[in-house]
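**Student:** Give me a model of this one.
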Amino acid sequence: MRIRERVIFIGTIAAITVAATAGCEKKNNNDNSNAKQDSVQKNETVEEPVTNNIEYDTVSEIVKDDSIFGENVFVFSPEDDSKEVKEKVNEIYKEQERNQFGTERYAILFKPGDYDKSIAVNVGYYTTVAGVGIQPTDTNIETLWVNADWMYHNATCNFWRGAENFSVNKYTMWANSQAVSLRRMNFNDGIVLSDGEGWSSGGFISDSQFAGTVSSGSQQQYLTRNCDWGYWDGGVWNMVFVGDNLNKIPMGGWPYNPLTKVEKTSYIEEKPFIVYDDEHGYGLYIPELRNETSGPSWTKGSTGAVKSLAGFYVAKPGDDAKAINEALESGKNILFTPGIYEFSETIKVNNPDTVIYGMGLATLVAKEGNVVMETADVEGIRISGLIFEAGDSESESLLKIGSEKTDVNHETNPICLNDVYFRVGGSGRYIGKVSNCVTINSNNVIGDNFWVWRADHGANVGWTKNTAKNGIIVNGDNVIMYGLFVEHFQEYQTIWNGNGGKLYFYQSEIPYDVPSQEEFMSHNNTVNGYSSYKVADEVTDHEAWGLGIYAYNRDAEVDINSAAEVPDVEGVKIHNIVSVVLNGKPGISHVVNNSGNPVKRAGNTSKIMEYENGVQK
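**Tutor:** A predicted model of the protein is given here:
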């Protein structure tokens, strides 16, 4: 039974802040410890106090038993035999390196402390790795690594994985694409985001600090938010920086350099994460809501609340919707341990401040054409770390935030969605059918790293097989999205109906498998193709920064009139948008509405720096 009183814990430790620049050589070696590094030039260190202000639940029962997480979560401490730790980490990676559509899911947790320098953590599919200290500097790992050896250094299919809340000592390779995150990380050297000259199509990093250079390599696009580094190097089509250290990014910007720079992050609550200490046991840390910020949240200390796992229903694969709904009705939060969950009924989240947290990218499937999860229009709900997957029968939606549009304002305690991914087809277990993957009806919702994907490869893939009209529909007002990736849907990829919307970074591909122009006509068959990004005609206030929209008309010669479609009114603004032909048959005729040059051949790009009320720059 929970006790309502809370206690405040304030801890002060000494921290070393290092300002550094680094030049690092890319590595392509299975033995990470042999990778070459250039020297890191470090300035004089400055010692600053770090103060944590943490509000803990006071509970009658403290959860310390690691077995609460089930058989797919592995918890290590610095006292464990380093050989056994390496063997288990390597065993998981060997299983998951190529396991793009497999059923296995894993989470690896490291308790605070310094780990043996021989431990290198390679991260494969459906694997999340996390430190469980309050500060990322509480947990120190020698090496973190993601390469693309399995696909001949092509990282464009390195999806569904993540790392958060620990320090890495050595130079890192993190060759990734969509549905991947680095959060709340401290790197004592630099990082490269691709594997040599192989392609890559990421990506998302937030709330992290790098002593050395971040080299984007071949990355076509990337969003970083609230980060600091020695230097940022590179960019292909659409690199977006929000609330980062902009002094350490190359000079210049759009349209000559593919760099979109936004000085402050307007409104954000970072993703929750699991924490542990001997006094309080396991809990979920909820960071504070912040406004107009730049740089990482934790470098001078962390402020937030910890919800004890005693207040959670810890779900295991095989649990049904009835059991989870009963737990929610009783006031419990939900922690989904790694695995696949098939639901024939909707998970109903009705209580304010409820936390829904996924480990190891737990995957929730619509078994009977149902909505997988629906929330009431109440404040403070947090959903993170989950994959929502369409089943064999068509669902109206996979996730609904609010059952319908209302005038309720959640500005002081918004609904937050972090690392939330959607899949239609590809896995082979389900055909994959949905009208629209995610519908946001509530106001004041913060979305932070979405990949909404109608599969273009894998099993059960085809124009009449994995059917889905739209990726995301936003009906709520004052919705903010940081990092929205939406691909291959059969009509508009994104429809934004709400006012006051803000979007920071958009990556989208038009479907590859359109069979003919006649099958891909909008506006009652009067306009060629469907734009990717559609802002409704009635909207009067909307702003978007850093959009990349790509076409690969693989199966037919198709014209798409415009990459984005917005109302021509003052107050609806698009900053820094590019259209690209990846390959195949032409093409995209305009960038926004009827403005911008056409792209008709592979590699063609067309850019607009700013568009408002029919006027482009």
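**Student:** so what's Phe159 up against?
**Tutor:** The contact partners of Phe159, by C-beta atoms under 8 Å, 6 or more residues apart in numbering, come to 100, 125, 176-180, 451. Bear in mind the C-beta positions are built from the backbone N, C-alpha and C, glycine included.
**Student:** just Thr605 next, same as before
**Tutor:** Contacts of Thr605 by C-beta under 8 Å, 6+ apart are 237, 578-580, 599.
**Student:** which of those residues tops the neighbour count?
**Tutor:** Greatest neighbour count in those, by other C-beta atoms under 10 Å, goes to Ser579: 31 neighbours.
**Student:** For it, which non-adjacent residue is spatially closest?
**Tutor:** Of all residues not flanking Ser579 in the chain, Ala563 sits nearest, at 4.1 Å (C-beta to C-beta, 6 or more residues apart in numbering).
**Student:** How many residues are close by that neighbour?
**Tutor:** Other residues near Ala563 come to 30 when the count uses other C-beta under 10 Å.
**Student:** contacting residues for it?
**Tutor:** Each residue near Ala563 by C-beta under 8 Å, 6+ apart is listed here: 531-533, 547, 549, 577, 579, 588, 590-592, 596.
**Student:** same check, this time on Ser562
**Tutor:** 531, 588-594, 596 are the contacts of Ser562 under C-beta under 8 Å, 6+ apart.
**Student:** Kindly state the beta-bridge partners for it.
**Tutor:** As for beta bridges, Ser562 partners with His590 under DSSP bridges.
**Student:** any idea how far it lies from Ala459?
**Tutor:** Relative to Ala459, Ser562 is positioned 33 Å away (C-beta to C-beta, to the nearest Å).
**Student:** Check Lys307 too.
**Tutor:** Counting by C-beta to C-beta, the gap from Lys307 to Ala459 is 39 Å.
**Student:** same question, Asn594
**Tutor:** Counting by C-beta to C-beta - Asn594 and Ala459 are separated by 40 Å.
**Student:** what does Gly358 give?
**Tutor:** Distance, Gly358 to Ala459, by C-beta to C-beta: 24 Å.
**Student:** Those two: which has the busier surroundings?
**Tutor:** When neighbours are counted by other C-beta under 10 Å, Gly358 and Ala459 differ, and Gly358 comes out ahead with 27 against 16.
**Student:** ok, now which ones touch that one?
**Tutor:** Listed by C-beta under 8 Å, 6+ apart, the contact set of Gly358 reads 335-336, 384-387.
**Student:** Next secondary structure after the top helix by length along the chain?
**Tutor:** If you go by DSSP state H, the chain has its longest helix at helix 82-96. Scanning forward in sequence from helix 82-96 by DSSP states H and E, the next helix or strand is strand 106-110.
**Student:** Each with direction, which strands does that following strand pair with?
**Tutor:** Taking DSSP bridges as the criterion, strand 106-110 forms sheet pairs with strand 73-76 (parallel), strand 127-131 (parallel).
**Student:** Mind putting the contacts of Phe159 into JSON lines with distance to Leu246, pLDDT and secondary structure?
**Tutor:** Shown next, in JSON lines, are the contacts of Phe159 (distance: C-beta to C-beta, whole Å; pLDDT from 0 to 100; DSSP: H, G, I helix; E, B strand; the rest coil):
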{"residue": "Gln100", "distance to Leu246": "36", "pLDDT": "98", "secondary structure": "coil"}
{"residue": "Tyr125", "distance to Leu246": "34", "pLDDT": "98", "secondary structure": "coil"}
{"residue": "Asn176", "distance to Leu246": "23", "pLDDT": "97", "secondary structure": "coil"}
{"residue": "Ser177", "distance to Leu246": "25", "pLDDT": "98", "secondary structure": "coil"}
{"residue": "Gln178", "distance to Leu246": "25", "pLDDT": "98", "secondary structure": "coil"}
{"residue": "Ala179", "distance to Leu246": "27", "pLDDT": "98", "secondary structure": "coil"}
{"residue": "Val180", "distance to Leu246": "24", "pLDDT": "98", "secondary structure": "strand"}
{"residue": "Trp451", "distance to Leu246": "26", "pLDDT": "98", "secondary structure": "strand"}
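**Student:** which stretches of the protein form helices?
**Tutor:** Assigned by DSSP H, the helices in the chain fall at 82-96, 321-329.
**Student:** out of the ones you listed, which comes closest to Pro272?
**Tutor:** In terms of C-beta to C-beta, the element of these nearest to Pro272 is helix 321-329, at 16.8 Å.
**Student:** ok so, going back, could you export the helices of the chain as a markdown table, including mean neighbour count?
**Tutor:** Listed next are the helices of the chain as a markdown table, based on neighbours: other C-beta atoms under 10 Å:
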| stretch | mean neighbour count |
| --- | --- |
| helix 82-96 | 16 |
| helix 321-329 | 16 |
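**Student:** nearest to Ala155, of the ones you listed?
**Tutor:** helix 82-96 (15.0 Å).
**Student:** where do the strands sit along the stretch 301-450 of the chain?
**Tutor:** Ranges of strands within the stretch 301-450 of the chain are 303-308, 312-315, 333-336, 340-343, 347-349, 355-366, 373-375, 382-389, 399-401, 415-424, 434-440, 445-454, based on DSSP state E, counting those that start in this stretch.
**Student:** Pipe those strands into a markdown table and attach distance to Val129 per row.
**Tutor:** Converted to a markdown table, the strands of the stretch 301-450 of the chain look like this (distance: least, C-beta to C-beta, whole Å):
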| stretch | distance to Val129 |
| --- | --- |
| strand 303-308 | 21 |
| strand 312-315 | 20 |
| strand 333-336 | 17 |
| strand 340-343 | 20 |
| strand 347-349 | 26 |
| strand 355-366 | 10 |
| strand 373-375 | 25 |
| strand 382-389 | 13 |
| strand 399-401 | 25 |
| strand 415-424 | 13 |
| strand 434-440 | 26 |
| strand 445-454 | 17 |
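**Student:** Could you point out which of those strands sits nearest Gly212?
**Tutor:** Smallest distance to Gly212 across the strands of the stretch 301-450 of the chain (C-beta to C-beta): 23.7 Å, for strand 445-454.
**Student:** on that earlier part again, which members of the contacts of Gly358 are the farthest-apart pair?
**Tutor:** Using C-beta to C-beta, the pair of the contacts of Gly358 lying farthest apart is Leu335 and Ile387, separated by 15.4 Å.
**Student:** residue nearest the centroid of the chain?
**Tutor:** Centroid-nearest residue in the chain: Asn449, 2.9 Å away (criterion: C-alpha atoms, centre = their mean).
**Student:** That residue touches Met481, doesn't it?
**Tutor:** No. Taking contacts as C-beta atoms under 8 Å, Asn449 lies outside contact range of Met481: 9.3 Å.
**Student:** lowest confidence element among the helices and strands of this structure?
**Tutor:** strand 20-22 (a mean of 30; mean pLDDT, DSSP states H and E).
**Student:** Filter the contacts of Ala563 down to the ones in strands?
**Tutor:** Residues of those located in strands (DSSP state E): 533, 547, 549, 577, 579, 588, 590-592.
**Student:** Of those residues, which pair is most distant in space?
**Tutor:** Farthest pair in the ones in strands among the contacts of Ala563 (C-beta to C-beta) is Leu547 and His590. Separation: 13.7 Å.
**Student:** what about the two, which has more around it?
**Tutor:** Legend: neighbour count by other C-beta under 10 Å for Leu547 and His590, higher for Leu547 (30 against 22).
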